[in-house]
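Trainee: here is my input; please provide its structure:
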Amino acid sequence: EILGSDLARQVEGVGRNVSRFKPGDEVFGVAPGSFAEYACADEDRLALKPANVTFEDAAAVPIAGVSALQGLRKGKIGPGQKVLIHGASGAVGTFAVQLAKSFGPEVTAVCSTRNLENARLLGADHVIDYTREDFTKIGNTYDLILVVNGHRSVLAYRNALSPKGICV
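Mentor: Next up is the predicted model:
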């Protein structure tokens, strides 16, 4: 098995059919074997790294960031909604909180005690400490629940959804 997928690096060389990048460009994206010293990637799996972003920060984006965005889009996120992110402190969850806020809803983050302040700093309007409260039993309902790291039954999530709510 070839380890690694997310990467952020400087381009060392390009194939003859590559038109988007040249040696020396700083890129980030996805390539199998990215844990190795060198990795080969299709150009459509890479993007130019913004100059003000470190390689380390850029390498954290591809899989987690795209997963969060896909989940929110699948849930038809939009302004004015009430959105709950269950698992808001992991890689996908932290992206989900920030991305969700950019769509204009009211965001509730569910995480453990030690991550509550970070969830607030990321933009969550409300935080629920799952070690002290079960959001499925509070009585609040949500238009979208994004389950990043959930340990509830499908029925429990359904009980926390608004009548036309979506759980992803």
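
Trainee: residue ranges of the strands in the protein, please?
Mentor: Listed in chain order, the strands of the chain (DSSP state E) span 6-10, 26-30, 46-48, 82-86, 106-111, 126-129, 142-147, 161-167.

Trainee: is it possible to export these to TSV including distance to Gly65, mean neighbour count and mean pLDDT?
Mentor: All C-beta atoms are positioned from the backbone trio N, CA, C, and that covers glycine. Compiled in TSV, these are given as follows (distance: least, C-beta to C-beta, whole Å; neighbours: other C-beta atoms under 10 Å; pLDDT from 0 to 100):
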stretch	distance to Gly65	mean neighbour count	mean pLDDT
strand 6-10	9	19	96
strand 26-30	10	20	96
strand 46-48	11	17	96
strand 82-86	14	27	98
strand 106-111	16	26	98
strand 126-129	21	18	98
strand 142-147	14	24	98
strand 161-167	21	14	97
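
Trainee: now render these as a markdown table, adding distance to Lys74.
Mentor: Output for those, formatted as a markdown table (distance: least, C-beta to C-beta, whole Å):
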| stretch | distance to Lys74 |
| --- | --- |
| strand 6-10 | 21 |
| strand 26-30 | 20 |
| strand 46-48 | 22 |
| strand 82-86 | 13 |
| strand 106-111 | 17 |
| strand 126-129 | 22 |
| strand 142-147 | 9 |
| strand 161-167 | 8 |
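
Trainee: which parts of the chain are helices?
Mentor: 55-59, 62-74, 91-102, 116-121, 154-159 (DSSP state H).

Trainee: now the second one: average pLDDT?
Mentor: So the one you mean is helix 62-74. For helix 62-74, mean pLDDT rounds to 96.

Trainee: same check, this time on the first one
Mentor: Mean pLDDT, helix 55-59: 95.

Trainee: helices and strands around it, which ones?
Mentor: With contacts taken as 3 or more C-beta pairs under 8 Å, 6 or more residues apart in numbering; DSSP states H and E, helix 55-59 sits against strand 6-10, strand 26-30.

Trainee: before we move on, what about the third one?
Mentor: Using 3+ C-beta pairs under 8 Å, 6+ apart, the elements in contact with helix 91-102 are helix 62-74, strand 82-86, strand 106-111.
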